[in-house]
Structure formats: C-alpha cells, structure tokens
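**Q** okay, predicted coordinates and the sequence, questions at the end:
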Amino acid sequence: MIIKYGLQPLLIIAVLGAWFFNQTTVLTYPAILLLVQVLLNLLEYWRPLRPHWRHSWREKLGLVGVYVAVFGFSAAVVAPLYTVSLDPILVAARAALHINIWPTQWPILMQVLLAFFLSEFIWYWFHRAEHRWRLLWRLSGHGAHHSFKHLGAVNAGANHPLEMFILLVPSAIVELLFGGGLAVAGAAVLILTQASIAHANIDLNHRVIGWLFTTNRYHIHHHSSVMAQSNTNYGCAAILWDRVFGTFAEADTLEAGIGPTEPTLLQKLMMPLREPDDARISPGLSTGRAAR
Ligand SMILES: [Zn+2]
C-alpha cells in the first residue's frame, strides 16, 4: 500500500531534496540515479507487477551494459559535440532575440519545476514527431527503445545511441535559449527519475499524481505492441502535455514491443537501417489509427 501510493511522490520529493542540498557536487547526479535504479530494481524483483516480465540476471546485465554504454556515449560524444555546435547557436540566438524571460527571482525549486515542464513540452513534440514521421523514427533509432517485450526501470536508459542526439536537445534549449541555468540540472534529475519510474514493473497508483506526472501505467501503454496504443502518452516524465494536446490514454496494456518477437541486440542497433520483418510499430506501417 505504501509502495503503491507513496513511492512515486516520495521519490520525487527525495530526489529534489537531495539535489537541492548538493547542487554543486558532481557526484550528486550519478549517485541519485544509481540509488533510484537500485531501489526500483529491488522492488521489481521483490514485487513485480507482471511476474513474467521480471528480467533474468543475464537480461538485466545486458540492459545495464546498454545503459552504461549509452550514457558513456552521451558524455564522451554527444555532449562535447553540443558544446561546439548547438550550444553556441542557442547562446547566440538568445542574445540576438534578447530573451531575458527566465524568472531568476523565483525560489529555485519553482524554477526546477518550470524547467521540467518546459523541457517536457519540447520533448513531447520531438517524441510525437518520431512516431509521426518514418524518417525521424528511423534516423533516431526510436524503434530500438520500443523493441523490448519486458520492461523494467532500467529500460529508461535503453535507447539507441543515435537517439541521444535528440534526447539532450530539450534541456539544452531550456538552459541556453531560455536561460534556465542551474534549474535545468535539477529538472534533469527529476526527468531521469521519472523516466525510471515510468518503465518500472511495479504496481503503482496512477490517480492524482497522474494529472501532471507520467506514471508507469501510462508509459507502458505507450510501449504497447498495438500501434494505436503506442501513439499515445508521449510525455515520458510529464503527462500534462498529453492531456493538453489530446494524446492522453489510460487503459490496460496486454503486450509491449514493436511486434510479436524481440529483436536481438544487433538487430536493435541496426534498426535505423533495417527494421525487423515482424515489426508492427513504426510510422508508415500503420494498420490502426494513424499517428496524430
Ligand atoms: Zn515512443
């Protein structure tokens, strides 16, 4: 009962508090992420919502490997590339357009929530576009993230390396174009925590907190192997924008994945070039409701 109703709100408060008191310590970020993942993985092992989704140790190790590799790739390749390309453009655009609207006088936690919902607003449209346009779906490798049949908290980091070029754009825009500064770091901690919870295989409440924040019930529905269900709930951390723009759905999910079978790791990596023959979730293959 406490886990079902208390886990998500308590984790949100705990990570924001932990960040607030340790904002300038570099280790704060990996430490929070690691603790959130360990806690959720223990709960998934102890009380899985879908017992048949429980990862074997081999699967879990593979997913952790992907998680570490993708985050390492982001730190080693994507972030430095941003530093010399996108970041200066955003800073120059902010100066040219005289954008001085960030409410720096607000309490920092209010700024974090603003950065959170603003980042999620931008991500909502990127994500919706990935599901709408086949070219973007393929170039971003988003299908690889959807290809897992059994989800758990660790799937939050199971993205195609190419997708990292898009996943970091919303935070960069809020930080450098809108001048969000340090608040963006707090928002990033909240986004990553929320993304972990959203994939977790645990029985969690979705009412009230689900008015604004994405719950695992909503996000697992987005991972459905039914195209019409997959084209809903684009907000991975905030569900607010799906409610505002009419893509919110709340229903049971029978099966996750892009088709009846899960591709191998190599097939997942190759998905920008070639999709598995039995893929049912991909823009252009639609047999259900068209992507909106
Ligand atoms: Zn998606």
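**A** Received the coordinates, thanks.
**Q** so residue 62 sits right up against residue 268, yeah?
**A** No - counting by CB atoms under 8 Å, residue 62 sits too far from residue 268 to count as a contact (10.8 Å). Backbone N, C-alpha and C define where each C-beta goes, glycine included.
**Q** looking at the two, which is more packed in?
**A** Here residue 62 and residue 268 are set side by side on neighbour count (other CB atoms under 10 Å), and the busier one is residue 268, at 21 against 15.
**Q** residue contacts, the more buried one?
**A** When the contact criterion is CB atoms under 8 Å, 6 or more residues apart in numbering, the partners of residue 268 are 144, 147, 160.
**Q** dump these to a markdown table, plus distance to residue 244, secondary structure and neighbour count.
**A** What follows is the contacts of residue 268, written out as a markdown table (distance: CB to CB, whole Å; DSSP: H, G, I helix; E, B strand; the rest coil; neighbours: other CB atoms under 10 Å):
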| residue | distance to residue 244 | secondary structure | neighbour count |
| --- | --- | --- | --- |
| 144 | 28 | helix | 25 |
| 147 | 29 | coil | 28 |
| 160 | 28 | coil | 22 |
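**Q** returning to what we had before: what residues are shared contacts of residue 62 and residue 268?
**A** Common neighbours of residue 62 and residue 268, using CB under 8 Å, 6+ apart, do not exist here.
**Q** contacts only, for residue 11.
**A** Neighbouring residues of residue 11 by CB under 8 Å, 6+ apart: 36, 39, 193, 197.
**Q** got a pLDDT number for the third one?
**A** Read it as residue 193. Confidence at residue 193, expressed as pLDDT, is 97.
**Q** cool, and the second one?
**A** Residue 39 is assigned 97 on the pLDDT scale.
**Q** go on, the first one?
**A** In the prediction, the pLDDT value recorded for residue 36 is 96.
**Q** which outside residues touch the helix or strand hosting it?
**A** Counting by DSSP states H and E, the element that carries residue 36 is helix 28-46. Under the criterion CB under 8 Å, 6+ apart, residues 3, 7, 11, 15, 18-19, 22, 54, 60, 152-154, 185, 188-189, 192-193, 196-197, 200-202 lie in contact with helix 28-46.
**Q** could you do stretch 12-26 as well?
**A** Taking CB under 8 Å, 6+ apart as the rule, stretch 12-26 contacts 28, 32, 36, 108-109, 112, 182, 185-186, 189-190, 193-194, 213.
**Q** the same query, at a cut-off of 10 Å, please.
**A** If you take CB atoms under 10 Å, 6 or more residues apart in numbering as the criterion, stretch 12-26 is touched by 28-29, 31-33, 35-36, 39, 108-109, 112-113, 116, 182-183, 185-190, 192-194, 196-197, 209, 213.
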